[in-house]
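Student: Fold the following for me, if possible:
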Amino acid sequence: MLIVNAPDLRDRDVTDHGLYLKRRQFMAGVAGLGLAACSGSSPASATALRFRPNRMPIDEARTPLDDVTGYNNFYEFGTGKEDPAKYAGMMRTRPWTIVVDGLCDRPGRYAIDDLIKRFPLEERIYRMRCVEAWSMVIPWVGFPLASLIKAVGPRSGAKFVAFETLRDPRQMPGQRSSVIQWPYREGLRLDEALHPLTLLAVGLYGQTLPNQNGAPIRLVVPWKYGFKGIKSIVRIRFTDRRPQTSWQMLAPREYGFYGNVNPAVDHPRWSQAKERRIGEFFRRKTLPFNGYGEQVAGLYRGLDPRQLY
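Tutor: All right, here's what the predicted structure looks like:
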């Protein structure tokens, strides 16, 4: 279970008691020391985890848990918004290891529970903007991707970070179709990956991350469209070349490598100027970089904004 440190709590940080009672527990893998590479793990006793409460609040209502967990894009389980909640329960999230390789000093296979023990967890309440022009506000729990990157030591030639999702059609029935070239792939520039806002999430709303939301670990990059937030990660690779990404391979005219939220650059089939916040009746204006421009715009200084979509 996830436990908030009580001394820093404010009323708005407290998870509703009903949601608390619905939480699921993490199952621990074989314990490791720090970031020791593992050869495998097996389920053990439940592990209690602590996280620091949100330190980057936004003055917007959080999207209800039922909407966050019931309205998703996760094509590995189907193309409908309700398919992930229906079918993702068949996926096993323990034992789970992530392969870290490529241009880094400490490649290896890292157990998810060892990573959770090694890196302090914190809550981050972020806006999430889908490329389909709907949005949410989600309280994630995780640790900065930069913590993992610094621990494994990228080499001087590393310029990009590539990610891959689990490929297992037995557990992920959507992978039996050819809608996407599996496994799902995503990527970031190394400086984007190292940015303090970039998060590896292992929970939301104070709970273990639900399968349909990308359990046991997913990427959250709040200034980018949601398709950049790769779920159920099994591989992180450092490379000197810009990696191919799934939606870019499928429809390069519609989905670029960067995927930055930009209301001035429309998708070829719809406007991006406004968005539908789940739970609200009226559409609201889309914010450049999803409202995080002050923190991240400097990453793209001198580049054509039209090329950053």
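
Student: can we go C-alpha only for contacts and neighbour counts from here?
Tutor: Noted.

Student: excluding its backbone neighbours, what's nearest residue 261?
Tutor: Nearest residue to residue 261, sequence neighbours excluded (C-alpha to C-alpha, 6 or more residues apart in numbering): residue 289, at 4.7 Å.

Student: hang on, that neighbour packs against residue 221?
Tutor: No: with contacts counted by C-alpha atoms under 8 Å, residue 289 stays clear of residue 221, the gap being 10.4 Å.

Student: Give me the more crowded residue out of those two.
Tutor: residue 221 (25 against 21; other C-alpha atoms under 10 Å).

Student: show me what contacts the residue nearest in space to the middle of the chain?
Tutor: Nearest to the geometric centre of the chain sits residue 219, at 2.4 Å (C-alpha atoms, centre = their mean). With contacts defined as C-alpha atoms under 8 Å, 6 or more residues apart in numbering, residue 219 is in contact with 198-201, 228-231.

Student: Looking at those, which are in strands?
Tutor: Among those, the residues falling in strands (DSSP state E) are 199-201.

Student: Tell me the one of these nearest residue 99?
Tutor: Nearest to residue 99, judged by C-alpha to C-alpha, of the ones in strands among the contacts of residue 219 is residue 200 at 14.7 Å.

Student: what bridges to that closest one?
Tutor: residue 143, residue 219 (DSSP bridges).

Student: cool, residue 235 as well?
Tutor: Residue 235 has these beta-bridge partners by DSSP bridges: residue 99, residue 164.

Student: among the helices and strands of this structure, which has the poorest mean pLDDT?
Tutor: helix 17-21 (a mean of 34; mean pLDDT, DSSP states H and E).

Student: Which element is encountered next along the chain beyond that helix?
Tutor: strand 49-52 (DSSP states H and E).

Student: and residue 168, what is it in contact with?
Tutor: By C-alpha under 8 Å, 6+ apart, the residues touching residue 168 are residue 175.

Student: Roughly how far does it sit from residue 105?
Tutor: Using C-alpha to C-alpha, to the nearest Å, residue 168 is found at 29 Å from residue 105.

Student: for residue 243, same thing?
Tutor: On the measure of C-alpha to C-alpha, residue 243 and residue 105 end up 20 Å apart.

Student: One more: residue 173?
Tutor: Per C-alpha to C-alpha, residue 173 is found 36 Å from residue 105.

Student: Repeat that for residue 98.
Tutor: Separation of residue 98 from residue 105 (C-alpha to C-alpha): 16 Å.

Student: Compare these two (neighbour count), which wins?
Tutor: Per other C-alpha under 10 Å, whichever of residue 98 and residue 105 has more neighbours is residue 98, with 22 against 12.

Student: Tell me who's in contact with the more buried one.
Tutor: Residue 98 makes contact with 109-112, 233-236, according to C-alpha under 8 Å, 6+ apart.

Student: same question, residue 61
Tutor: Residue 61 makes contact with residue 137 under the criterion C-alpha under 8 Å, 6+ apart.

Student: hang on, it in a strand?
Tutor: No: counting by DSSP: H, G, I helix; E, B strand; the rest coil, residue 61 is not part of a strand but coil.

Student: distance of it from residue 118?
Tutor: Applying C-alpha to C-alpha to residue 61 and residue 118 gives a distance of 32 Å.

Student: With residue 246 instead?
Tutor: To residue 118, residue 246 is 31 Å away according to C-alpha to C-alpha.

Student: So which of those two has more stuff around it?
Tutor: Using other C-alpha under 10 Å, the more surrounded residue of residue 246 and residue 118 is residue 246, with 22 against 17.

Student: buried residues in stretch 257-267?
Tutor: 257-263, 265, 267 (16 or more other C-alpha atoms under 10 Å).

Student: can I get those residues in a markdown table with secondary structure?
Tutor: Below are the buried residues of stretch 257-267 laid out as a markdown table (three-state DSSP):
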| residue | secondary structure |
| --- | --- |
| 257 | coil |
| 258 | coil |
| 259 | coil |
| 260 | strand |
| 261 | coil |
| 262 | coil |
| 263 | coil |
| 265 | coil |
| 267 | strand |
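
Student: List just the nearest of those to residue 296.
Tutor: The shortest approach to residue 296 among the buried residues of stretch 257-267 belongs to residue 260, at 10.2 Å (C-alpha to C-alpha).
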